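Novice: have a look; sequence and predicted model below, questions after that.
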Amino acid sequence: MTTMTAQATQVYQLFIKATPEAIWEAITKPEFTIRYYHGARIENTPEHHRGFGPNGEVWGDSPTLEYDPPRRLVHGWQSLYNPEVAEEPESRVTWEIEPQEGGYCLLTVTHDQLEGSPKTAESVSGTGWMMVLSGLKTLLETGDVLDADRG
Amino acid sequence: MTDDDQVFKALADPTRRHLLDRLFERDGRTLTELESELEMTRFGVMKHLRVLEQAHLVVARRSGREKLHFLNPVPIRSIHDRWIDKYTEHRVAALADLKTELEETA
């Protein structure tokens, strides 16, 4: 099924043994994202979602659409790190953090509004989001870094 | 039951695997759409979807008045990493090649 077109709405859901506050910090602060987000320094403020590569190159620069710590973050997405897909229209990423029993949180990441951005949809699907999310889980649960490149 | 148990249990049924395949082809479907492709009552499909949701293989999201069902690839990936990767070393690949070769020449 390798010829499948990537979906215009992608949903990823996983349990992480961490507090909502710790997860929020890990997804909004560059000193954490650099350890699991393909080496990107990502900064999520109430106004902006900005990502920078190891040499300061701009990998992402989109508005923050909702900012409700430590439960819900919605921001725009453009894959500026890849010139081939950078021109595609902005899509949207929603992070939802729901506390569960036993010290776990359910994290749901929805990447949608990808109808006009098929190449972006393709590039973030498969291992794209999966690597980021397993790295985030590993970092929060063990303090280890899944990916060797710390930048 | 652990998360893995729930995933294996959910996968151990042909109808539920069929539902996952339908969602793999196209995500974000309603119960009515999924039901129309199966020889099964609406209640039956709902029951299967509930098992898939409990295993977090399917995530239901509201969109206006509709409830849309999405495939969540994370649990299958975890099972793949934990149970498949480590058993698919070269030796297994070599045996699989041998089987294909023998069957083709037979």
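Specialist: Sure, I can see it. Numbering: from 1, shown residues only, chains lettered A, B, ... in the order given.

Novice: please name the nearest non-neighbouring residue to A:Leu80.
Specialist: Nearest residue to A:Leu80, sequence neighbours excluded (Cβ to Cβ, 6 or more residues apart in numbering or on different chains): A:Ala86, at 4.9 Å. All C-beta atoms are positioned from the backbone trio N, CA, C, and that covers glycine.

Novice: same question for B:Arg26.
Specialist: A:Gln7 (7.6 Å).

Novice: figure out the helix or strand that the residue of chain A found nearest chain B lives in.
Specialist: Nearest to chain B, among the residues of chain A, is A:Val11, at 4.0 Å (Cβ to the nearest Cβ). Using DSSP states H and E, A:Val11 sits in strand A:10-17.

Novice: same question for A:Glu122.
Specialist: Using DSSP H and E, A:Glu122 sits within helix A:118-124.

Novice: what residues does chain A put near chain B?
Specialist: Residues of chain A lying close to chain B (Cβ under 8 Å from any Cβ of the partner chain) are A:1, A:4, A:7, A:9-15, A:108, A:110, A:130, A:133-134.

Novice: these, buried ones only, as a ChimeraX selection?
Specialist: Buried residues among the residues of chain A next to chain B (16 or more other Cβ atoms under 10 Å in any protein chain shown), as a ChimeraX selection:
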select /A:7,9,10,11,12,13,14,15,108,110,130,133,134
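
Novice: for the biggest helix by length in chain A, packing partners?
Specialist: In terms of residue count, the longest helix belonging to chain A (DSSP state H) is helix A:127-142. Helix A:127-142 sits against strand A:10-17, helix A:20-28, strand A:104-112, helix B:74-79, with contacts defined as 3 or more Cβ pairs under 8 Å, 6 or more residues apart in numbering or on different chains; DSSP states H and E.

Novice: CA atoms only: put the shortest one into CSV for me.
Specialist: Only the C-alpha atoms of helix B:74-79 are listed here, as CSV (Å, rounded to 0.1, in the frame of the first residue of the first chain):
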residue,chain,number,x,y,z
VAL,B,74,0.9,4.7,17.3
PRO,B,75,-0.2,1.4,19.0
ILE,B,76,0.5,-0.7,15.9
ARG,B,77,3.9,1.0,15.5
SER,B,78,4.7,0.1,19.2
ILE,B,79,3.7,-3.5,18.6
